[in-house]
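Q: Need a 3D model of the sequence below.
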Amino acid sequence: MGVNFTPRFFVFKDFCVNDTVVISGDDARHIIKVLRYKPGDELKLSNGKDTEAVAVVEEIDAKQIIIKLKIIEKNKKPGIKPEITLFQSLLKGDKLDFILQKNTEIGVSKFRPIITERTIVELTQNKLLNRMQRWKKIAMEASKQCMRIDIPQILDVKGFDDSLKTVKDYDIAIIPWELENTCFIKDILVEAKNSNAESVAVFIGPEGGFSEEEISKAKKFGAVPVSLGPRILRAETAAIAVCTAIMYELGGMGGKDA
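A: Numbers count the residues shown, from 1 in each chain. The predicted structure follows:
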């Protein structure tokens, strides 16, 4: 084979050893045309959640673009820790696409697009459905690229106030705010590490940031406003910077098993 690693593909079903699995469409085309796999070669499959399987190619139909594989091994895998839910305000253009892709690679578990006071984007129901489909595809492709066993969930769009009601479900919730000058993200993450926090909610605002009223509401629900330092970051930069810092302090980037 022309690769020095075993690639992983998503097949959304339960795996059992000796089962036959059929792959078709774009994945099959990639395996046949790009990876140039032959019968007898092995690849990894994931159910998109918590199980990985090793499968051996049994048959390849290059004309119909269909591959038949046999499961020879399956293993349960631990989930990514901490579980980060990114509550990201809708942004102009394709900025949210970029945020989804990069934070999937970092290890974010769930994405919740939100509408805030200063959100500029307005989506019709039709456009929203199309965006949701695109976001799910982006998350899946990014998971393949970075060899994640799972695909992060893309949750329905909610208003900021409704999203705050879920803060109680997390060990810690942080909301970066440019006017915060006493509480820094490092302080909060050290505290979270000492308390073995396993679930984190991150709220990132739109291009114009959060209003003072929104920050006041967030505090009442238990979210902690934090400073990211002296520089003002774009929304897409802030999302990546915060989630990277969390993964470094509490997850696999810092050497701890995730």
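Q: Just give me the neighbour total for the nearest residue to residue 150 once chain neighbours are set aside.
A: Excluding the flanking residues, the one nearest residue 150 by C-beta to C-beta, 6 or more residues apart in numbering is residue 49, at 5.5 Å. In short, each C-beta sits where N, CA and C put it, glycine included. When neighbours are defined as other C-beta atoms under 10 Å, residue 49 has 13 of them.
Q: does residue 49 really touch residue 153, like I thought?
A: No - using C-beta atoms under 8 Å, residue 49 is not in contact with residue 153, being 10.1 Å away.
Q: quick one: the helices in the stretch 1-150 of the chain?
A: Per DSSP state H, counting those that start in this stretch, the stretch 1-150 of the chain carries helices over the ranges 25-29, 95-106, 125-145.
Q: Can you list the buried residues in the second one?
A: Think helix 95-106. Under the neighbour-count criterion of 16 or more other C-beta atoms under 10 Å, helix 95-106 has 95-97, 99-106 buried.
Q: With the shortest one instead?
A: Within helix 25-29, the residues that count as buried by 16+ other C-beta under 10 Å are 27-28.
Q: What average pLDDT does that helix get?
A: Mean pLDDT, helix 25-29: 92.
Q: ok, now stretch 227-236?
A: Mean pLDDT, computed over stretch 227-236, is 91.
Q: Please enumerate residues in contact with it?
A: 88-89, 91, 95, 98-99, 176-178, 180-185, 204-207, 238, 241-242 (C-beta atoms under 8 Å, 6 or more residues apart in numbering).
Q: now stretch 91-106
A: Against stretch 91-106 from outside (C-beta under 8 Å, 6+ apart): 86, 88, 90, 111, 113, 120-121, 131, 134-135, 138-139, 141-143, 145-146, 148, 151-152, 154, 206-207, 235-236, 239-240, 243-244, 247, 253.
Q: Any idea how far it is from the middle of the chain?
A: Centroid separation for stretch 91-106 versus its chain: 10 Å, with C-alpha atoms, centre = their mean, to the nearest Å.
Q: Kindly report the same for stretch 20-35.
A: Offset of stretch 20-35 from its chain centre (C-alpha atoms, centre = their mean): 24 Å.
Q: ok, now stretch 142-154?
A: On C-alpha atoms, centre = their mean, the centre of stretch 142-154 falls 7 Å from the chain's centre.
Q: Extract the C-alpha trace of it and format it as CSV.
A: What follows is stretch 142-154, C-alpha atoms only, in CSV (Å, rounded to 0.1, in the frame of the first residue of the first chain):
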residue,chain,number,x,y,z
ALA,A,142,-12.5,16.8,9.8
SER,A,143,-13.0,13.8,12.1
LYS,A,144,-11.7,11.6,9.3
GLN,A,145,-8.7,13.8,8.6
CYS,A,146,-7.6,14.0,12.2
MET,A,147,-8.3,10.3,12.9
ARG,A,148,-11.0,10.9,15.5
ILE,A,149,-13.1,7.9,16.4
ASP,A,150,-16.2,10.0,17.0
ILE,A,151,-17.9,12.8,15.1
PRO,A,152,-18.9,15.8,17.2
GLN,A,153,-22.6,16.6,17.5
ILE,A,154,-24.0,19.6,15.7
